[in-house]
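Asks: Dropping the sequence and predicted coords here.
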Amino acid sequence: MTILVVTGTDTEVGKTVVTAAVAAARRDLRVAVLKPAQTGLAAGEPGDAAEVARLAGGHVTAVELARFPEPLAPATAARRAGLPPVRPYEIAEAAEKLATEHDVVLVEGAGGLLVRFDDGGSTLADAARLLAVPVLVVARAGLGTLNATALTTEALRARRLDCLGVVVGSMPAEPDLAARCNLTDLPVVTGVPLLGAVPTGAGALAPADFRAASRSWLSAELGGSRPVGREPVG
């Protein structure tokens, strides 16, 4: 895994914390995290890439291509701000350049897979296609996640993109019946493995504690120690 694209089934599903966990689990490697479009933050405020670096450690290089102040889809936010949008080829070129200097490059999208980056309808899927790299899907834990995650993985297959697997972005300490069943059902409905589950509140941990626990949340495919399909640790 040199370049990995990280997307979600929706916004606020835990993409940044999962990206940070993957980066922390690879702490013996040189890791770069690329955020193509950061929305909803003013200049000077720490964005998602900076948060990944804060949680994961000093071996992480944080790169942000564009920032738009309103919390909207990147295409809409760019248009309303009067700023140029981020194009898929720019994402691909930036990721490939980072890959020449790092062992792992994590490209964190905005919202879900098909959120538009420009008015031509380009999405994160287009950048993944240009890069010809796998995609990791971050999903919710509870009711409704099976449909949303199945739709996302189906969209990847329709575009002939490889889905590495699914990670639950925020697993409650005391999951309800739906969340417990979803750990078993997600691989069935998506056809891809469940590669981890990050506990709710992980992003609020002290960075040292986050790094120490990160490998227990993820399977070996992501640099972790958690057996595929097992319930999360902690």
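Replies: Looks like it came in fine.
Asks: Chain neighbours aside, what residue packs nearest to Asp119?
Replies: Ala75 (5.6 Å; C-beta to C-beta, 6 or more residues apart in numbering). Yep, even glycine has a C-beta here, placed from its N, CA and C like the rest.
Asks: The one you found: what's it in contact with?
Replies: Neighbouring residues of Ala75 by C-beta atoms under 8 Å, 6 or more residues apart in numbering: 85, 116-119.
Asks: and what of Arg54?
Replies: Here Arg54 is in contact with 46, 207 (criterion: C-beta under 8 Å, 6+ apart).
Asks: which secondary structure element contains it?
Replies: Here Arg54, judged by DSSP states H and E, is contained in helix 48-56.
Asks: what's the next secondary structure element after that helix?
Replies: strand 60-68.
Asks: hmm, back to that, any idea of the mean pLDDT in the helix holding Arg54?
Replies: Across helix 48-56, pLDDT averages out at 97.
Asks: from the chain's centre, how far out does it sit?
Replies: 12 Å (C-alpha atoms, centre = their mean, to the nearest Å).
Asks: now the angle from that helix to strand 60-68?
Replies: Between helix 48-56 and strand 60-68, the angle comes out at 150 degrees (axes from the mean of the first three to the mean of the last three C-alpha atoms, to 10 degrees).
Asks: now the helices: where do they sit in the protein?
Replies: 15-25, 48-56, 74-81, 88-99, 124-131, 145-158, 177-190, 207-217 (DSSP state H).
Asks: mind checking how far Arg116 is from Leu34?
Replies: For Arg116, the distance to Leu34 equals 18 Å [C-beta to C-beta, to the nearest Å].
Asks: oh sorry, the question was meant for Ser219
Replies: Ser219 is 23 Å from Leu34, by C-beta to C-beta.
Asks: before we move on, what about Leu151?
Replies: Taking C-beta to C-beta, one finds Leu151 at 25 Å from Leu34.
Asks: Let me know the outermost residue of this structure.
Replies: Gly82 (27.2 Å; C-alpha atoms, centre = their mean).
Asks: so where's this structure shaky on pLDDT?
Replies: 1, 228-234 (pLDDT under 70).
Asks: rerun that using 80 as the cut-off
Replies: Filtered on pLDDT under 80, the chain yields the residue ranges 1, 226-234.
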